[in-house]
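# coords below, sequence missing:
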DNA sequence: ACCCATATACGATGTTTGTCGAAAGAGAGG
DNA sequence: CCTCTCTTTCGACAAACATCGTATATGGGT
């Protein structure tokens, strides 16, 4: 009798009023998660498996949870897929300019160093 | 014959061109270090022991190293004291608006939650 | 009903991190 | 020289973290 722990878990999304900027910084201070966020800035919504990152699926799930609990992304179910989008408006309301400034800084750095 | 490990170690300060925004975010994603940076925004330069944080001296040294290696602070010797200052210009050159946006976000949040 | 694709949960592993206490170095002043 | 203050290094520890493999659940298609 297997315990029920399928992927129908509650999918926590904190209110914008609860966002903690330290959690946001921690969430963005990881190359895989930064890649997820940058991808999402270009595309409004993507399925989980379609991100250009090179980690195991279970690791990706972990990173999505970190981003979700920091308030950076929102995820919704659709059939078999889980769609992911940036919570740009909520972040902008709570921390004006923060996400753009950080991601722009990363893009600027990547442009001058990595490629 | 005690090994030489006094506090005259080389005091590494990376060039602005080497700053990594992921390191900066990681360095700022800690309440003690955020307090150090906010204190430094108000005061241009302070001695190590004069920061309003509640950790052991050796822990403080650890946090200073993290901030220094990320390029956020600069430290200089003066007799028995070690003075600490923000590398604001260098950060601004490399990542325009980043530090102000992050610290302002934290101040905004602290103003609405902690006091 | 069966299989496949999508995505998660769990458990384990090795690394990094924040914290401290004890010991030590360096300078200032008696 | 001795002592006091300031700050560091070292060593240790528990907690958090990124990663993975395996097992499981859901839904679509055949």
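That came through fine. Treat the numbers as computed from the prediction; the structure is a model and nothing was measured.

# so how far is DNA strand C from residue A:19?
20 Å (Cβ to the nearest atom of the strand, to the nearest Å). (Each C-beta comes from the backbone N, C-alpha and C, glycine too.)

# and that residue, what does it touch?
Residue A:19 makes contact with A:70, A:71, A:90, A:91, A:94, A:95, B:109, according to Cβ atoms under 8 Å, 6 or more residues apart in numbering or on different chains.

# by pLDDT, give me the weakest of those residues.
Within the set of the contacts of residue A:19, pLDDT is lowest for residue B:109 (92).

# tell me where chain A has strands.
A:45-47, A:73-78, A:81-86 (DSSP state E).

# and the last one, which residues are buried?
The neighbour-count check on strand A:81-86 (16 or more other Cβ atoms under 10 Å in any protein chain shown) flags A:82, A:84, A:86 as buried.

# and DNA strand D, is that strand touching that?
No. With Cβ under 7 Å from any atom of the strand as the criterion, DNA strand D is not reached by strand A:81-86; the gap is at least 8.4 Å.

# if we can go back for a sec, tell me which of the buried residues of strand A:81-86 is nearest to DNA strand C?
Taking Cβ to the nearest atom of the strand as the measure, DNA strand C lies nearest residue A:82 of the buried residues of strand A:81-86, at 4.1 Å.

# for chain B, see how far away the closest one is.
26 Å (Cβ to the nearest Cβ, to the nearest Å).

# and residue A:101, by the same measure?
4 Å.

# about what we covered before: and the contacts of residue A:19, which is closest to residue B:40?
residue B:109 (18.8 Å; Cβ to Cβ).

# dump the residue contacts of the closest one.
By Cβ under 8 Å, 6+ apart, the contact set of residue B:109 is A:19, A:20, A:21, A:94, A:95.

# now the second one. Its backbone dihedrals?
When quoted as degrees, to the nearest 10, the phi and psi of residue A:20 stand at phi -120, psi 120.

# ok, which stretches of chain A are helices?
A:21-28, A:31-42, A:57-70, A:88-94, A:98-112 (DSSP state H).

# just name the most buried of those helices.
helix A:21-28 (a mean of 22; mean count of other Cβ atoms under 10 Å in any protein chain shown).

# is that one up against DNA strand C anywhere?
No. Contact of helix A:21-28 with DNA strand C (Cβ under 7 Å from any atom of the strand) is absent, the minimum separation being 8.8 Å.

# report all helices and strands that that helix contacts.
helix A:31-42, helix A:57-70, helix A:98-112, helix B:21-28, helix B:98-112 (3 or more Cβ pairs under 8 Å, 6 or more residues apart in numbering or on different chains; DSSP states H and E).

# could these go into TSV alongside distance to residue B:41?
Formatted as TSV, the helices and strands packed on helix A:21-28 follow (distance: least, Cβ to Cβ, whole Å):
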stretch	distance to residue B:41
helix A:31-42	25
helix A:57-70	24
helix A:98-112	16
helix B:21-28	12
helix B:98-112	6
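
# any stretches of chain A with poor pLDDT?
Along chain A, the parts satisfying pLDDT under 70 run over A:1-9, A:112-115.

# what's the closest non-adjacent residue to residue A:27?
Excluding the flanking residues, the one nearest residue A:27 by Cβ to Cβ, 6 or more residues apart in numbering or on different chains is residue A:70, at 4.0 Å.

# near chain B, which residues of chain A?
A:19-23, A:25-26, A:28-31, A:34, A:94-98, A:101-102, A:105-106, A:108-109 (Cβ under 8 Å from any Cβ of the partner chain).

# my guess is residue A:64 contacts residue A:72. True?
No. At 9.9 Å, residue A:64 does not count as touching residue A:72 under the criterion of Cβ atoms under 8 Å.
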